[in-house]
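A.B. asks: Here's my sequence, what's the structure:
(one chain, ligands or ions: 1)
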Amino acid sequence: MPDTISFARGAPAPEALDGDLIARCAAEALASDPTVILSYGTGGGYPPLRTWLAEHHGTTADCVLITNGSLEGYVFLLETFMSPGDLIALEAPTYDRAMLQAQMHGMEILSIPMQDDGMDVSALAAACAAGQVPKLVYTIPNFHNPAGSTLSLEKRTALIALAEQYDFWILEDDPYGRLRFEGDDIPGIYELAGPERVMFSSSFSKTLAPGLRVGYLIAPAALIGTLTTRANQTYISPAHLSEAAVHQVCVQGLLPGNIARVTDLMRVRRDAMVEGLVHMPEGTICTPPEGGFFMWLELPEGMSADALLPKAQEAGVIYVAGSACFVSGGENTLRLAYSGVSPEEIAIGMERLGSVLNAR
Ligand SMILES: Cc1ncc(COP(=O)(O)O)c(C=O)c1O
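C.D. replies: Have a look, this model is predicted:
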């Protein structure tokens, strides 16, 4: 058992990473297309994977940009589609790096509270009605990072209607949606509204392996052209070998099996963490997620997850203080990632965490 059990990293557990699968697919890719893979390519990414992704999402390859992880596509959007001072709506809480990048790029941030069934769309509607119309709404609809929640179909429809009414864009960031433990899939926002209103990003980091650094963005062709130029000016072309290995996984039909395997691994971890909730202080609020990597805890008012973090670390367990995921506030919240640790570690880590939180 490690000295410190980390609930802080939103990464797949070592058992989720199938080195043999990637080795086989990389070897097959190299054998079939060595020159393209080993040369400089276009900024848009490995062309056969662009084509596969386009078909998978019902669009054309010129609307797909493959990046070194999906965060990079978002950053390119901030640098090209957005300008400093533009208003971007982010969920509160949101993915900490998405917020950080928005801040680093000089965006004005409109924080939209989260509820059990995703962002509070009526709060966004009220802000729009009061004249605060964002240029872009960034949302993580499925198994949210960090909140764990999933945006309901009604709210997806309401968000799209709002985007039509106030003429803003939506970026649907969906790296976790295929990792569902139970319940039915909800149609995606991009799927529901189409490409005139919604951009879509996702990643193979959670379904295959984060070290491959393969993510992608789907957006209108003209914008993807601009972003491709930006990518080309920055790194010439992304790492084609990773992308070609992913392409082999996809065309050989091996992705669904791997996703099912990873989903099973994550489900038992979620269950272990739910069991560990008995150790949390009375009054702690948590809605267990139906998929993905994260559980979100709201501690009783007056408790500070920031202040308790050093004590938790001393006791051998770490988490992300929820305040890192808000522009301001959220001191009594924390994010627990069950994704990267074993069920046994989760059981011990939750006990350790409970003893720290109860001893406050
Ligand atoms: C919501 C969300 N978007 C994007 C990313 C970035 O993923 P990638 O590894 O593809 O850059 C993450 C990673 O944690 C995430 O949680």
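A.B. asks: part of a strand, is E91?
C.D. replies: Yes - applying DSSP: H, G, I helix; E, B strand; the rest coil, one finds E91 inside a strand.
A.B. asks: Count the neighbours of the residue in the chain that the ligand sits nearest to for me.
C.D. replies: Closest contact between the chain and the ligand, by C-beta to the nearest ligand atom, is at G69 (2.6 Å). C-beta: built from backbone N, CA, C; applies to glycine. Using other C-beta atoms under 10 Å, G69 is surrounded by 20 other residues.
A.B. asks: hey, where'd the strands end up in the protein?
C.D. replies: Remark: strands assigned in the chain by DSSP state E are 5-6, 64-67, 87-92, 108-115, 118-119, 136-139, 169-173, 198-203, 215-218, 294-298, 317-318, 320-321, 333-337.
A.B. asks: Dump those strands to JSON lines, plus mean neighbour count.
C.D. replies: Output for the strands of the chain, formatted as JSON lines (neighbours: other C-beta atoms under 10 Å):
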{"stretch": "strand 5-6", "mean neighbour count": "22"}
{"stretch": "strand 64-67", "mean neighbour count": "29"}
{"stretch": "strand 87-92", "mean neighbour count": "24"}
{"stretch": "strand 108-115", "mean neighbour count": "19"}
{"stretch": "strand 118-119", "mean neighbour count": "25"}
{"stretch": "strand 136-139", "mean neighbour count": "26"}
{"stretch": "strand 169-173", "mean neighbour count": "24"}
{"stretch": "strand 198-203", "mean neighbour count": "24"}
{"stretch": "strand 215-218", "mean neighbour count": "25"}
{"stretch": "strand 294-298", "mean neighbour count": "23"}
{"stretch": "strand 317-318", "mean neighbour count": "23"}
{"stretch": "strand 320-321", "mean neighbour count": "23"}
{"stretch": "strand 333-337", "mean neighbour count": "26"}
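A.B. asks: can these go into CSV with extra columns for mean pLDDT?
C.D. replies: Formatted as CSV, these follow (pLDDT from 0 to 100):
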stretch, mean pLDDT
strand 5-6, 98
strand 64-67, 98
strand 87-92, 98
strand 108-115, 98
strand 118-119, 98
strand 136-139, 98
strand 169-173, 98
strand 198-203, 98
strand 215-218, 98
strand 294-298, 98
strand 317-318, 98
strand 320-321, 98
strand 333-337, 98
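A.B. asks: Point out the one among those that comes closest to G148.
C.D. replies: Closest to G148 of those is strand 294-298 (C-beta to C-beta; 4.9 Å).
A.B. asks: Pull up the residues of the stretch 51-200 of the chain that are close to the ligand.
C.D. replies: G69, S70, L71, Y95, I140, N145, D173, P175 (C-beta under 6 Å from any ligand atom).
A.B. asks: I figured the last one was touching P210, is that so?
C.D. replies: No - if you go by C-beta atoms under 8 Å, P175 and P210 don't touch, sitting 9.8 Å apart.
A.B. asks: who touches stretch 235-249?
C.D. replies: Contacts to stretch 235-249, defined as C-beta atoms under 8 Å, 6 or more residues apart in numbering, come from residues 21-22, 25-26, 28-30, 33, 36-43, 45-46, 48-49, 52, 66-68, 204, 208, 212-214, 231, 254-255, 258.
A.B. asks: out of the residues of the stretch 51-200 of the chain next to the ligand, which is most surrounded?
C.D. replies: Busiest of those [other C-beta under 10 Å] is I140, holding 29 neighbours.
A.B. asks: how about it, phi and psi?
C.D. replies: phi -110, psi 90 (degrees, to the nearest 10).
A.B. asks: ok, it to A92 distance?
C.D. replies: 12 Å (C-beta to C-beta, to the nearest Å).
A.B. asks: what does E298 give?
C.D. replies: The spacing between E298 and A92, counted by C-beta to C-beta, is 13 Å.
A.B. asks: Does N142 touch E172 like I think?
C.D. replies: No - if you go by C-beta under 8 Å, N142 and E172 don't touch, sitting 9.2 Å apart.
A.B. asks: So for Q101, what's the nearest residue that isn't a sequence neighbour?
C.D. replies: V75 (5.4 Å; C-beta to C-beta, 6 or more residues apart in numbering).
A.B. asks: Helices - which of the contacts of stretch 235-249 land there?
C.D. replies: 21-22, 25-26, 28-30, 36-38, 48-49, 52, 231, 255, 258 (DSSP state H).
A.B. asks: Nearest spatial neighbour of E28, chain-adjacent residues omitted?
C.D. replies: Q248 (5.1 Å).
A.B. asks: Ignoring the adjacent residues along the chain, who's closest to the residue most central in space within the chain?
C.D. replies: Geometric centre of the chain, nearest residue: P175, 4.6 Å, by C-alpha atoms, centre = their mean. Once flanking residues are discounted, P175 sits nearest to S203: 4.3 Å by C-beta to C-beta, 6+ apart.
A.B. asks: what do you get for Q115?
C.D. replies: S149 (7.4 Å).
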